[in-house]
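1. Everything below, folded, please.
(one chain, ligands or ions: 1)
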Amino acid sequence: MKYEFVCEDCDQTQTVELRPSQFDECRESGVPCECSEEAKAYHQFNPGNLSVCFKGDGWSDKMHREKKYRSKRSQRMAERQRKHNKTPELVPNYQGEEVENWREAQNLASKDGRSAATYEPKIHKD
Ligand SMILES: [Zn+2]
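-> As a prediction, the model looks like this:
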């Protein structure tokens, strides 16, 4: 696996080939940079590689929150979708009572002396 490390001092990016076990060490301790003896380069967050898990640094917290927020939001949207799908309009019904099909609903409506025309487009959709 190739990992990108960015130097804290000179912002130079270097790509280092590491085994995942080596990477665990290097992302915590950093890797040396050629700009100076004390300079350390740290692994750069790569948005294209979300499978890399960051432990205890700012990025991971932020990512985690973002992910949480996103899944919450999609949950809310899914719920809304579900509620929307439950609206009686989508199931053949008359006055909220489920019926076999829209033609049935139309029959019931016309028996009640109601305008059955509103059922017409739904019948055609059936
Ligand atoms: Zn450097």
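
2. residues from the chain in reach of the ion?
-> C7, D9, C10, Q12, C33, C35, A39 (C-beta under 5 Å from the ion). In short, each C-beta sits where N, CA and C put it, glycine included.

3. Sort out which of those residues are in strands and list them.
-> C7 (DSSP state E).

4. What's the PyMOL syntax to select whichever of the residues of the chain next to the ion are buried?
-> Buried residues among the residues of the chain next to the ion (16 or more other C-beta atoms under 10 Å), as a PyMOL selection:
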select buried, resi 7+33+39
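
5. pLDDT weak spots in this protein?
-> The model of the chain has pLDDT under 70 over residues 45-66, 68-70, 84-89, 126.

6. quick one: the helices in it?
-> 20-29, 58-85, 102-111, 120-125 (DSSP state H).

7. Distance from the chain centre to the last one, please.
-> Going back to what we said before, that points to helix 120-125. Distance of helix 120-125 from the chain centroid (C-alpha atoms, centre = their mean, to the nearest Å) equals 36 Å.
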